[in-house]
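> Fold the following, please.
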Amino acid sequence: MLGHLNWLFNPFQRLDVPQIYDLLSMGSVTERTFYLNLGYWPDAGDADEASEALVMLMADWADLSESDQVLDVGYGFGDQDILWSQRRSPRRIVGLNRTASQVAVAQRRVAEQGLEDRVDLRLGSATQMPIADASVDKVLALECAFHFVSREDFFREAWRVLRPGGRLVTADILPMPLTGGWRDRLLQRLSWRLMANKFAVPDENVYGVEGYGERLARQGFESVRIESIRDRVYAPLHDYLRAHPESLRRLHPLARGFARMALRLDAASVYPGLDYIMTSAVKPG
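Residues are numbered from 1 along each chain as shown. I've put the predicted structure just below:
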């Protein structure tokens, strides 16, 4: 309880990423899975479907195929790797995650599915990968690269481990460019600062779409494609949770109360400073 109080209400305390996800534990707004992503909502009926839709959108952006050796960073409880293995059958998936409690659960779930020969989920860092040079075809980062210290270090490591012609795909959260009058800009700044503080976004990762593309290009990536999907993420998630408050029951009571306070507002007031992007970039062959 004290840990949640400190995380949610102490503006001067920043937890590191494993501490945050240890607090969140397996609390999720999903019913049948343990996804922690925000979901992709155009055709989703509930949070599980939206989470799976985002995972499969990443697979589409990566052109994930049976011949691929995949590196997945920040894999949570392994739901996405199980789904990719079942639906796209890549030759092998190796995962890296810094939160030991998630790693233990994910490894157990992979074993229960009988996928140990195809899915290898490990404890490890996305900015210091224990992966050989030029050994994977796809690097995937689903809603986690904003945590990394720094995202540029992750881009460098992704470049190193990708084979020529390999592809990096991210689903990532960025600050929106400031627009409108001073009240609008203040609300944008406040919403971004709240997210960045609670979810351990380092200052060196605070830049928008233009800066994101520039950093990928500076590393050497080509065919960089970036698309904002924020209108298909934040507002429909917010609307779904307002209509289905029972979806919050798996959250810790303090986190549930914090979420209920946010749901009293409309989505435009909660998320004005947050962009959500899909990105694909290729290491030249």
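> So which residues make contact with stretch 111-121?
Residues from elsewhere that reach stretch 111-121 (C-beta atoms under 8 Å, 6 or more residues apart in numbering): 75, 78, 81-82, 85, 90-95, 97, 103, 106-107, 110. All C-beta spots, glycine's among them, are computed from the backbone N, C-alpha and C.
> Just the buried subset of the residues you listed, please.
75, 78, 81-82, 85, 90, 93-95, 97, 103, 106-107, 110 (16 or more other C-beta atoms under 10 Å).
> Make a markdown table from those residues and add secondary structure, distance to Asp172 and pLDDT to it.
Output for the buried ones among the contacts of stretch 111-121, formatted as a markdown table (DSSP: H, G, I helix; E, B strand; the rest coil; distance: C-beta to C-beta, whole Å; pLDDT from 0 to 100):
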| residue | secondary structure | distance to Asp172 | pLDDT |
| --- | --- | --- | --- |
| Tyr75 | coil | 15 | 97 |
| Gly78 | coil | 20 | 98 |
| Asp81 | helix | 19 | 98 |
| Ile82 | helix | 22 | 98 |
| Ser85 | helix | 23 | 98 |
| Pro90 | coil | 22 | 98 |
| Ile93 | strand | 20 | 98 |
| Val94 | strand | 21 | 98 |
| Gly95 | strand | 18 | 98 |
| Asn97 | strand | 17 | 98 |
| Val103 | helix | 22 | 98 |
| Ala106 | helix | 21 | 98 |
| Gln107 | helix | 26 | 98 |
| Val110 | helix | 25 | 98 |
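> Just the element for Val139, please.
Using DSSP states H and E, Val139 sits within strand 136-142.
> can you pull out the strands in this protein?
Counting by DSSP state E, the chain has strands at residues 69-73, 92-97, 119-123, 136-142, 162-175, 222-228, 274-282.
> So for the fourth one, mean pLDDT?
This points to strand 136-142. The pLDDT scores in strand 136-142 average 98.
> Repeat that for stretch 114-122.
Averaged across stretch 114-122, the pLDDT comes to 97.
> residues near the closest residue to Leu248 other than its chain neighbours, how many?
Nearest residue to Leu248, sequence neighbours excluded (C-beta to C-beta, 6 or more residues apart in numbering): Arg256, at 4.7 Å. Residues within reach of Arg256, counting by other C-beta atoms under 10 Å, total 16.
> Leu248: what's it in contact with?
Val29, Leu241, Arg256, Ala259, Arg260.
> got TSV for these, with pLDDT and distance to Ile229 too?
As requested, these are arranged in TSV below (pLDDT from 0 to 100; distance: C-beta to C-beta, whole Å):
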residue	pLDDT	distance to Ile229
Val29	95	19
Leu241	97	18
Arg256	87	27
Ala259	89	22
Arg260	92	26
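> Looking at Asp60 now. What's its pLDDT?
Reported pLDDT for Asp60: 98.
> Could you do Asn10 as well?
pLDDT, Asn10: 65.
> Also Met26?
84.
> what sits against it?
Met26 neighbours (C-beta under 8 Å, 6+ apart): Phe34, Phe77, Val105, Arg250.
> My read is that Leu36 contacts Ser28, right?
Yes - assessed by C-beta atoms under 8 Å, Leu36 is found in contact with Ser28 at 6.0 Å.
> coming back round to it: farthest pair within the contacts of stretch 111-121?
Longest distance between any two of those is 22.1 Å, between Arg91 and Val103; criterion C-beta to C-beta.
> List the contacts of Pro236.
Gly39, Trp41, Pro42, Ala44, Ala50.
> now do Asp63
Here Asp63 is in contact with Arg167 (C-beta under 8 Å, 6+ apart).
> May I have the predicted confidence score for it?
pLDDT, Asp63: 98.
> And it, how close does it get to Arg232?
21 Å (C-beta to C-beta, to the nearest Å).
> How about Gln86?
Distance from Gln86 to Arg232, by C-beta to C-beta: 24 Å.
> what do you get for His4?
His4 is 30 Å from Arg232, by C-beta to C-beta.
> Which of these two has more residues huddled nearby?
Shown here are His4 and Arg232; by other C-beta under 10 Å, Arg232 has more neighbours (20 against 17).
> Could you give the separation of stretch 234-247 from the chain centroid?
19 Å (C-alpha atoms, centre = their mean, to the nearest Å).
> Now do the buried residues in that stretch.
Per 16+ other C-beta under 10 Å, stretch 234-247 contains these buried residues: Tyr234, Ala235, Pro236, Leu237, His238, Tyr240, Leu241, Ser247.
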